[in-house]
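*Asks:* Structure for the following, please:
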Amino acid sequence: MIDRERRAAAAAMLVDRNALRMPIHGRSMLPSLAEPMVLQIASHAGARVGDVLIFRLAEMHVAHRIVAIAGDSFHTCGDAQPDVIEFVRPDDVVGRVIAVWSDASAGATRVDDRRHRL
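*Replies:* Numbering: from 1, shown residues only. From the prediction side, this is the model:
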């Protein structure tokens, strides 16, 4: 059974043409990504340095940029914290950001550009 917190997080995710949407929280990806933006996520197949990867870290999901790939693992960091590198195993990867939306509203506009390397 899923606890209330996880159920609420799952409810915030929307399925859209085989892609998942997740709202941004936190400051580690400033100035590129900030609240109330929403990330559209698809498979991480073909992910490369510069892409934004979504992965599980402890009890949360993290969106950080790939700075290196070593074998089958990814080295990532937040744009606002380039000196803090995470080593991400493929099992922990949720997906790769393929689009960024202004917010979660029905009238949200797509706001990604080359800064997001999509």
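
*Asks:* Give me the contact list for stretch 96-105.
*Replies:* 12, 19, 21, 23, 33, 36-44, 46-47, 51-54, 63, 108-112, 116, 118 (CB atoms under 8 Å, 6 or more residues apart in numbering). To be clear about C-beta, it is placed using only N, CA and C from the backbone, and glycine gets the same treatment.

*Asks:* likewise stretch 70-89?
*Replies:* 27-33, 47, 53, 55, 57, 62, 64-69, 90, 93.

*Asks:* which among those end up buried?
*Replies:* 28-29, 32-33, 47, 53, 55, 62, 64-66, 93 (16 or more other CB atoms under 10 Å).

*Asks:* related to what we said a few turns ago, if any of the contacts of stretch 96-105 are buried, put those into a PyMOL selection.
*Replies:* The buried subset of the contacts of stretch 96-105, as determined by 16+ other CB under 10 Å, is captured in PyMOL by this line:
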select buried, resi 19+21+23+33+37+38+39+40+41+44+47+51+52+53+54+63+112+116+118
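
*Asks:* Among the contacts of stretch 96-105, which ones are in strands?
*Replies:* The strands, defined by DSSP state E, take in 19, 21, 23, 38-42, 52-54, 63 from the contacts of stretch 96-105.
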